[in-house]
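Q: I would like the atomic coordinates for the input below:
(one chain, ligands or ions: 2)
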Amino acid sequence: MESIAEEWLRRVEAEYRSAAAAQHYTLWLIQAGASPDLIVDGMHIAEDEIGHASMSHQVFLAADGKGSPTMDQDSLGLMRQRDSLEEDLLIEGVRFFCLGETVAVPLFQRMREQCTVEIASQALEKILVDEVRHRDFGWTLLDWLLSGPNGDSLRETLERELPSMIAALAGSYGSAPEASKISQEEREWGLLAGSDYAEILERCYQRDYRPRFAVCNVAIPPNLVRS
Ligand SMILES: [Fe+2]
Ligand SMILES: [Fe+2]
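A: Ligands and ions are numbered 1, 2, ... in the order given. The predicted structure follows:
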């Protein structure tokens, strides 16, 4: 049970990180004068992520978890890194929503399929429903940014940065040999093996990233490249 509680506690921390990023990103949208519906959707996402943290904490407690999450204050929020706010909106929006939330959908689908513990399964069900909306928010954002007056130069910037962003994501998603390390009980509590993360990302790259970036006329490498 210890590994199960630990993983759900790690998810609480990740949901706080997502909430902070969504909240901060929405402030950037306000500063950029984005449309009110986009701003409200961003606020709604931050609220969803806090709800996910709360549900994940309930699962952690049900798994006999002790202690509390570690809040790494320096990683909670976004940092302006580029001269133009539009470029930061583009790169952080693609990293967080287009890449992160798009692969989150099949990941949570897989977790939910194997999960039989009621409280965990209810949390995963709600998270999955929300992640679909968070993913769609990302692609709407990208379309909005690329169809603006600076669309061509933003597209060039994105094409330059995408390969390293994707490699960093792949690097954080584990690798095949860890497959056997997960027990049936862990799966029933909604955990996945490292190999599941790697395999789902690989499939998502072909099924989701490539066609969605193609619609936005953004070139990406034909296959997932790991760093
Ligand atoms: Fe979430
Ligand atoms: Fe999310």
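Q: what does stretch 134-142 rub up against?
A: 22, 38, 41-42, 45, 48, 89-90, 93-94, 96-98, 101-102, 104-105, 212, 216, 218 (Cβ atoms under 8 Å, 6 or more residues apart in numbering). C-betas here are computed from N, CA, C, even on glycine.
Q: now swap in stretch 66-86 and tell me
A: 5, 9, 12-13, 16-17, 20-21, 23-25, 28, 31-32, 57, 88, 91-92, 145, 148, 150, 154.
Q: how long is it end to end?
A: Terminal residues of stretch 66-86 are spaced 43 Å apart (Cα to Cα, to the nearest Å).
Q: for that stretch, what is the average pLDDT?
A: The average pLDDT for stretch 66-86 rounds to 93.
Q: Could you pull out the buried residues of that stretch?
A: Going by neighbour count (16 or more other Cβ atoms under 10 Å), the buried part of stretch 66-86 is 69, 76, 78, 86.
Q: Geometrically speaking, which residue is the centre of this protein?
A: residue 100 (3.0 Å; Cα atoms, centre = their mean).
Q: show me the contacts for the residue in the chain that ligand 1 sits nearest to.
A: Proximity of the chain to ligand 1 (Cβ to the ion) peaks at residue 52, 3.8 Å away. Neighbouring residues of residue 52 by Cβ under 8 Å, 6+ apart: 11, 15, 18, 123, 126-127, 130.
Q: With residue 8 instead?
A: 56-57, 59-60, 63, 65, 120, 189.
Q: Would you list the phi and psi of residue 65?
A: phi -70, psi 140 (degrees, to the nearest 10).
Q: I misspoke; the intended subject was residue 83.
A: According to degrees, to the nearest 10, residue 83 has phi -60, psi -40.
Q: Are any of the contacts of stretch 66-86 buried, and if so which?
A: Among the contacts of stretch 66-86, those scoring as buried are 5, 9, 12-13, 16-17, 20-21, 23-25, 28, 32, 57, 88, 91-92, 145, 154 (criterion: 16+ other Cβ under 10 Å).
Q: Same question for the residue nearest to the centre of the chain, what's its three-state structure.
A: Assigned by DSSP: H, G, I helix; E, B strand; the rest coil, the conformation of residue 100 is helix.
Q: In this structure it contacts residue 166, no?
A: No. Counting by Cβ atoms under 8 Å, residue 166 is not a contact partner of residue 100; they are 11.3 Å apart.
Q: Tell me the buried residues in whichever strand or helix holds residue 42?
A: According to DSSP states H and E, residue 42 maps onto helix 36-62. Using 16+ other Cβ under 10 Å as the test for burial, helix 36-62 gives 38-39, 41-42, 44-46, 48-50, 52-53, 55-57, 59-60, 62.
Q: For residue 24, list the residues it contacts.
A: So residue 24 contacts 77-78 (Cβ under 8 Å, 6+ apart).
Q: helices or strands next to the helix or strand bottoming out on mean pLDDT in the chain in the packing?
A: Within the chain, no helix or strand scores below helix 194-204, which has a mean of 92 by mean pLDDT, DSSP states H and E. The helices and strands touching helix 194-204, judged by 3 or more Cβ pairs under 8 Å, 6 or more residues apart in numbering; DSSP states H and E, are helix 102-114, helix 151-171.
Q: Among those helices, show me which one is buried the most.
A: Mean neighbour count (mean count of other Cβ atoms under 10 Å) peaks for helix 102-114 among these, with a mean of 19.
Q: got the angle between it and helix 194-204?
A: Going by axes from the mean of the first three to the mean of the last three Cα atoms, to 10 degrees, helix 102-114 is angled at 130 degrees with respect to helix 194-204.
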